[in-house]
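Visitor: predicted model and sequence below, questions to follow.
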Amino acid sequence: MAYIRKRGKGYEYTVSKSVNGQSQRIFKCGFRTKKQALIAAAELEALLANGLNPRSNNPTTL
C-alpha cells in the first residue's frame with residue numbers, strides 16, 4: 001500500500017515491500033500534484049504485484 005505525503009510544494013509516495021522477511025521502502029518525490037503521486041505509486045505497486053524489480057532500468061523478475 002502506498003503512503004502519499006506533501007513535502008514542501010510537491011508530493012512524494014512511499015511503498016513498502018517485503019523481501020526475505022524484511023520490509024524495504026521505495027520512495028520517490030517531486031510530483032506536483034497528489035494525483036500524479038497516486039498514479040505513479042499505483043504503477044509501482046502493479047510492477048511489484050507482478051514480481052518485477054522496479055529499481056532496475058530493465059525490470060526483471062525478483
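Guide: In hand now; what should we look at? Note that the structure is predicted; figures quoted are calculated from it, not measured.
Visitor: flag the shaky bits of the protein, pLDDT-wise.
Guide: Applying pLDDT under 70 to the chain picks out residues 54-62.
Visitor: 90 instead?
Guide: 1, 16-25, 47-62 (pLDDT under 90).
Visitor: any chance you could map the helices in it?
Guide: Listed in chain order, the helices of the chain (DSSP state H) span residues 34-49.
Visitor: for it, just list every one of the strands.
Guide: Listed in chain order, the strands of the chain (DSSP state E) span 2-7, 10-19, 22-31.
Visitor: single out the most deeply packed of these.
Guide: Of all the strands of the chain, strand 10-19 carries the top mean neighbour count, a mean of 16, counting by mean count of other Cβ atoms under 10 Å. C-beta coordinates here come from the backbone N, C-alpha and C atoms, glycine included.
Visitor: and Gly51, which of the strands of the chain is closest to it?
Guide: Set against Gly51 and scored by Cβ to Cβ, those come closest in strand 10-19, at 10.8 Å.
Visitor: which residues sit against the closest one?
Guide: Here strand 10-19 makes contact (Cβ atoms under 8 Å, 6 or more residues apart in numbering) with 1-5, 23-34, 36-38, 40-41, 44-45, 48, 62.
Visitor: who's the closest spatial neighbour of Lys34, skipping the chain neighbours?
Guide: Excluding the flanking residues, the one nearest Lys34 by Cβ to Cβ, 6 or more residues apart in numbering is Tyr11, at 5.2 Å.
Visitor: look up how far Ile39 lies from that neighbour.
Guide: Distance, Tyr11 to Ile39, by Cβ to Cβ, to the nearest Å: 11 Å.
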